[in-house]
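Q: what follows is a predicted structure for the sequence shown.
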Amino acid sequence: MQVKPGHVVCAICGHQDVLLSDHILEAHGMTVEAYEAAHPGAPVVSQALWNEFTAQQPSRRRRLPPAVADLKAEFAGFQLGVKANVPEDACLPLPPNYSFPRAGKLGKDIAHAAVALMRGRSLYVWGMPGSGKDAFIHAFSALTRTPAIILSVQPGTDVQSWLYSRAFDAEGTSWEEGVLLKALRDGYVTEDGERIPMLVLISDFDRADRAQAEVLRLILDSISGRVPGPAGKTYPVLPGTMFASTANTMGGGDERGRMISANPMDASLLDRIQCKIEFHWMSWRDEEPICRAKFPLLVERCPGVFDQVGKATEKVREAIHAEEVYCEWSHRAVCNWLLHAEDLVFAHGGSVPDNLLKRAARVVLDGLPDSETREAVKRIIDPHIPGGALNEGNTSHIGSGSLDPNFG
């Protein structure tokens, strides 16, 4: 008997087909299992059909999750270990929609700072407001599950109490250990009893006055392995403890005159920090995806606004760096502009009003320091937004909302 190409033959009656399961059941009243038991080695399905079926199926092999000791997190292009036994609330929170800048100057800044953290070096990150300094440290703590505390230097802050302070109770006076002393000496103890070194982040480091700076000197000296406690006692710092600080200036005061609370700092104080990195503003190539993730309504209703805001932002920042205008145009400013634009679309019942970006820009422009700066920035962004920032244009209401027709 000649077998057709790609077919198999029923061992009972000689019927040919690419698949015999239905024939075996209908013609002979047998299950495939019973047929195979009665006719060992007799094929039920053709090899060609089986090959086609298996090629279309995803692998059914189950992969075991990695061992806890092998857990890794991607951090600025590096694969870093994750402390799986540290709970999320013991770490700094991951900023919403955070992603690592890869382009422009900030991409290079991030790469160097990431190496410093990866190697456990003391780090001083400074730069313009809104350049992601604190967010970067938060991301490291959150993604690698490194337990951390954040302390902020402000005028009048009792920095000494971070280490220790006097306490009063019914029995008299006593010494009370501060959160920083405990973090440096004791680290973080997990539920299973493991003691893990902590990351200490001091924000607004350059806001310290002279008295606060002297206490910070003691803290920085703890990098060498000892931390002062009450009554003149010193304690060893838990090996592996990390120190990071952020600021707007590099210790010489603000030469731009925009951060008036930034103070000149003792060079010997800063010399104790191993790695100092300046952060620049993000390239729009990195900033745009973050903005799109933050404002889905604008993506849905008017996606073209992101390109317009990007071009305007790049020009304003170029002017700021060239000292043609004296203001800030940080990621926060960009987000505030887009946030008000999204609010306006929402207020207009989901419809996009005329000159949306012009209307929304006032929440940023009105916050600039003086009328001369406002006019200068308007002239810069004017060519890049519909209706212009200078020309009043048409402010008529479009949409299904219930706002005044002259709302503009």
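A: Good, I have the coordinates. Residues are numbered from 1 along each chain as shown.

Q: so which residue is dead centre in this structure?
A: residue 98 (2.4 Å; Cα atoms, centre = their mean).

Q: show the model's pLDDT score for that one.
A: The confidence metric pLDDT takes the value 88 at residue 98.

Q: now name the helix or strand holding it.
A: Here residue 98 sits in a region with no helix or strand, counting by DSSP states H and E.

Q: for it, which residues are in contact?
A: The contact partners of residue 98, taken as Cβ atoms under 8 Å, 6 or more residues apart in numbering, are 135, 138-139, 290. C-beta coordinates here come from the backbone N, C-alpha and C atoms, glycine included.

Q: pull the most distant pair out of the residues you listed.
A: Pairwise distances across the contacts of residue 98 (Cβ to Cβ) peak at 14.7 Å, for the pair 138 and 290.

Q: against residue 128, how distant is the nearest residue to residue 366 once chain neighbours are set aside?
A: Distance criterion Cβ to Cβ, 6 or more residues apart in numbering; nearest residue to residue 366, sequence neighbours excluded, is residue 374 at 7.6 Å. To residue 128, residue 374 is 19 Å away according to Cβ to Cβ, to the nearest Å.

Q: who's more crowded, these two?
A: Taking other Cβ atoms under 10 Å, residue 374 and residue 128 do not tie; residue 128 has more neighbours (22 against 19).

Q: the more buried one contacts residue 328, doesn't it?
A: Yes - using Cβ atoms under 8 Å, residue 128 is in contact with residue 328, at 6.8 Å.

Q: near residue 122, how many other residues are there?
A: Counted with other Cβ under 10 Å, residue 122 comes out at 19.

Q: show the backbone phi and psi for it.
A: Dihedral angles of residue 122 (phi, psi; degrees, to the nearest 10) stand at phi -70, psi 140.

Q: now it: how far from residue 267?
A: Plainly put, residue 122 is 16 Å away from residue 267 if you go by Cβ to Cβ.

Q: try residue 380
A: According to Cβ to Cβ, residue 380 stands 37 Å off from residue 267.

Q: report the contact partners of residue 91.
A: Taking Cβ under 8 Å, 6+ apart, one finds 141-142, 145-148 in contact with residue 91.

Q: 6 Å instead?
A: By Cβ atoms under 6 Å, 6 or more residues apart in numbering, the contact set of residue 91 is 141-142, 145, 148.

Q: now the two most distant members of the residues you listed.
A: Farthest pair in the contacts of residue 91 (Cβ to Cβ) is 145 and 148. Separation: 9.9 Å.
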